[in-house]
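Q: missing the sequence, but the structure's below:
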């Protein structure tokens, strides 16, 4: 064990070195973390953009093929091949290659009305399921067209189906382009990211990375669900961020598109900056060691006085002040001690106020305006959430087990509310009352409240999966949301206050929550017309009118709406 330093200079030297090292290392870690997060965010944006480019590119190619197919099936000579009682298969087989060239397609096939192949330019039969699926979808479409992916002889194709009419539909024409390495290379040039296509067994169909790397990726992501957001996957000696898209290719068959970007490549400039910061850290440590010895002797004498003042503060005497300050750093330190004493006095006052309010937003308002009774009229969005069937559930669980489950539920729901800027007004047993737009005004309070309700519904789905794994019954939730002008402020007595809102709008929100229990509404979230009108971004949410209803406590009926996410 190293001996403890005895001189003040030695102690100050160690202190300075430790502080500088800790600060610089913390800075380095923060910068490295921020670089990593930024790289993840940038790569995710690039990959999402690449997925969009792929979707648009496939659509554009399919549209071009659909135009060519439409022109071909209107050709009189082509239609006469299907006019008789029997189709002239040899003539049809000779006609399809010319059709393939004119349409700039990789494959052309003719099908019966039932989806049975008659002829194909590739000489290879496709999976019958994809033909059946395309025919089914084309039959259901007013324009009698459909697109999809399918396998022909082990190769993946993007296919378009068009009807052959004389004038009724007598056959179907399939036209498509192949998803091969040339297409993957083109997609890479368009997007700037590596592209790999796999079949449902993990076989590489087309890839821009080396085949060994592509196979390694397949083994790690094939059995995962489709990853809409980028996930980190080790690839050889590097790490890459990857998103995947499943491409349906018939019954129980699919292809997988993997878009990847090297994380190490993205972080190279950042790593160079981090190396520079490390050298700065070393220089800072050396400078701190030199300066600490230079100032040690000048700092020793006033410290005794500061120690005495510290002891008085430790004893709870916050009113004593040093009063006189030197003109150097220790003088400012003494002044800082006095400011600290004043701050501790303020802290005690804050504690008394915070005993009456638990929300940080409410506490900030109390510090600004004081704890007087009263309030103000303002527009607020109120959210009521209730756990359905809680009374019945209470009879099936022991009290301690029930409390644990309830706290678990309330913690999940509260987290979603607070994450979107909501303030928990109160817990009423298993019910939650939350405010958006009070005590701090929010221009998008209605949007936040609706987004919170949808997030609560999703969070409950995740919680129910956990409960199912534990052998517990699922939970159900009902959420009512209303936007109205109410009185917001401190309510209660002079001894005990609660920041809350009162008014008819609060009662309406509670009644809307009760409406979610009605089976005919078929929704967990109901909002009023007032909230719908207050939405800044209504396109983000899907709404369904439930008509006017007469809620308890009101003479006039109100219009209500079921709400869900568009995505």
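A: Perfect, thanks for sending it. Owing to the predicted nature of the structure, the values given are computational and were not obtained by experimental measurement. Residues are numbered from 1 along each chain as shown.

Q: what packs against the longest helix seen in the chain?
A: Secondary structure of the chain per DSSP state H: the longest helix is helix 8-73. If you count contacts as 3 or more CB pairs under 8 Å, 6 or more residues apart in numbering; DSSP states H and E, helix 8-73 packs onto helix 89-103, strand 155-165, strand 169-179, helix 181-191, strand 238-248, strand 254-262, helix 263-295. Quick note: C-beta positions are derived from backbone N, CA and C, even for glycine.

Q: can you tell me which of the ones you listed comes nearest to residue 525?
A: strand 238-248 (29.0 Å; CB to CB).

Q: adjacent strands (with direction) for the closest one?
A: On the basis of DSSP bridges, the sheet neighbours of strand 238-248 come out as strand 231-235 (antiparallel), strand 254-262 (antiparallel).

Q: give me whichever of those strands is most buried.
A: strand 254-262 (a mean of 23; mean count of other CB atoms under 10 Å).

Q: pLDDT averaged over that strand, what's the number?
A: When pLDDT is averaged over strand 254-262, the result is 87.

Q: contacts for it next, please.
A: 43, 46-47, 50-51, 54, 149, 156, 179, 191, 193-200, 205, 209, 217-218, 221-222, 233, 235, 238-249 (CB atoms under 8 Å, 6 or more residues apart in numbering).

Q: 6 Å - rerun?
A: Strand 254-262 has contacts (CB atoms under 6 Å, 6 or more residues apart in numbering) with 43, 46-47, 50, 149, 156, 193-194, 196-200, 217, 238, 240-249.

Q: likewise for stretch 195-212?
A: So stretch 195-212 is contacted by 156, 179-181, 184-185, 187-188, 194, 214, 218, 222, 253-258 (CB under 6 Å, 6+ apart).

Q: before we move on, the earlier item: in a markdown table: the strands paired with strand 238-248, plus distance to residue 520.
A: Shown next, in a markdown table, are those (distance: least, CB to CB, whole Å):
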| stretch | distance to residue 520 |
| --- | --- |
| strand 231-235 | 41 |
| strand 254-262 | 38 |
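
Q: list the buried ones in stretch 378-387?
A: 379, 380, 381, 382, 383, 384, 385, 386, 387 (16 or more other CB atoms under 10 Å).

Q: doesn't the fifth one fall inside a strand?
A: Yes: assignment of residue 383 by DSSP: H, G, I helix; E, B strand; the rest coil places it within a strand.

Q: distance from the longest helix of the chain to the middle of the chain?
A: Distance of helix 8-73 from its chain centroid, counting by CA atoms, centre = their mean, to the nearest Å, is 15 Å.

Q: grab the longest strand from the chain for me.
A: strand 476-492 (DSSP state E).

Q: next SSE downstream of it?
A: strand 497-502 (DSSP states H and E).

Q: report the distance from the helix or strand hosting residue 415 to the chain centre.
A: Element membership for residue 415 (DSSP H and E) is helix 399-419. Using CA atoms, centre = their mean, the distance from the centre of helix 399-419 to the centre of the chain it belongs to is 22 Å.

Q: does residue 133 sit in a helix, a strand or a coil?
A: Quick answer, by three-state DSSP: residue 133 is helix.

Q: and what of residue 427?
A: Following three-state DSSP, the label given to residue 427 is strand.

Q: which residue, other than its chain neighbours, is closest to it?
A: residue 410 (6.4 Å; CB to CB, 6 or more residues apart in numbering).

Q: return the per-residue confidence for the one you found.
A: 94.

Q: for residue 493, same thing?
A: 64.

Q: follow-up on the earlier one: what subset of the contacts of stretch 195-212 is buried?
A: Of those, these count as buried by 16+ other CB under 10 Å: 156, 179-180, 184, 187-188, 194, 214, 218, 222, 253, 255-258.

Q: which two in those are spaced the farthest apart?
A: For the buried ones among the contacts of stretch 195-212, and using CB to CB, no pair is farther apart than 188 and 253, which are 25.3 Å apart.

Q: surely residue 529 is in contact with residue 560?
A: No: contact criterion CB atoms under 6 Å: residue 529 and residue 560 do not qualify, at 7.5 Å.

Q: the two: who's more crowded?
A: Using other CB atoms under 10 Å as the criterion, residue 529 and residue 560 rank with residue 560 on top: 28 against 15.

Q: the more buried one and residue 527 touch, don't they?
A: No: at 7.1 Å, residue 560 does not count as touching residue 527 under the criterion of CB under 6 Å.

Q: what residues sit buried inside the helix or strand just after the longest helix of the chain?
A: As assigned by DSSP H and E, the chain's next helix or strand after helix 8-73 is helix 76-80. The neighbour-count check on helix 76-80 (16+ other CB under 10 Å) flags 78, 79 as buried.

Q: just stretch 94-106 next, same as before
A: Buried, per 16+ other CB under 10 Å, within stretch 94-106: 95, 96, 99, 100, 103, 105, 106.

Q: confidence score at the third one?
A: pLDDT, the model's per-residue confidence, is 82 for residue 99.

Q: distance of it relative to residue 43?
A: Residue 99 is 43 Å from residue 43, where distance means CB to CB, to the nearest Å.

Q: any weak-confidence spans in the stretch 351-500 of the chain?
A: By pLDDT under 70, the low-scoring segments of the stretch 351-500 of the chain are 351-375, 492-497.

Q: give me the secondary structure label for the most centrally placed residue in the chain.
A: Taking CA atoms, centre = their mean as the criterion, residue 229 is the residue nearest the geometric centre of the chain, at 8.4 Å. Under three-state DSSP, residue 229 falls in the coil class.

Q: for the chain, name the helix or strand with the lowest mean pLDDT.
A: helix 360-369 (a mean of 54; mean pLDDT, DSSP states H and E).

Q: and the helices in the stretch 301-450 of the chain?
A: Assigned by DSSP state H, counting those that start in this stretch, the helices in the stretch 301-450 of the chain fall at 303-314, 329-354, 360-369, 390-394, 399-419, 445-469.

Q: who are the packing partners of the last one?
A: It stands for helix 445-469. For helix 445-469, the packing partners by 3 or more CB pairs under 6 Å, 6 or more residues apart in numbering; DSSP states H and E come out as strand 374-388, helix 399-419, strand 431-436, strand 476-492.

Q: how about a cut-off of 10 Å?
A: Packing partners of helix 445-469 (3 or more CB pairs under 10 Å, 6 or more residues apart in numbering; DSSP states H and E): strand 374-388, helix 399-419, strand 431-436, strand 476-492, strand 525-528, helix 529-534, strand 541-549, strand 558-565.

Q: care to break the protein down by domain?
A: 59-178, 301-353, 364-565 (automatic domain parsing).

Q: would you turn those domains into JSON lines with distance to residue 28?
A: Formatted as JSON lines, the domains of the chain follow (distance: least, CB to CB, whole Å):
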{"stretch": "domain 59-178", "distance to residue 28": "47"}
{"stretch": "domain 301-353", "distance to residue 28": "27"}
{"stretch": "domain 364-565", "distance to residue 28": "30"}
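
Q: closest to residue 269 out of those?
A: domain 364-565 (32.6 Å).

Q: now that closest one: how far from the chain's centre is it?
A: 21 Å.

Q: give the contact list for residue 451.
A: Neighbouring residues of residue 451 by CB atoms under 10 Å, 6 or more residues apart in numbering: 416, 419, 420, 421, 422, 436, 444, 537, 540, 541, 563, 565.
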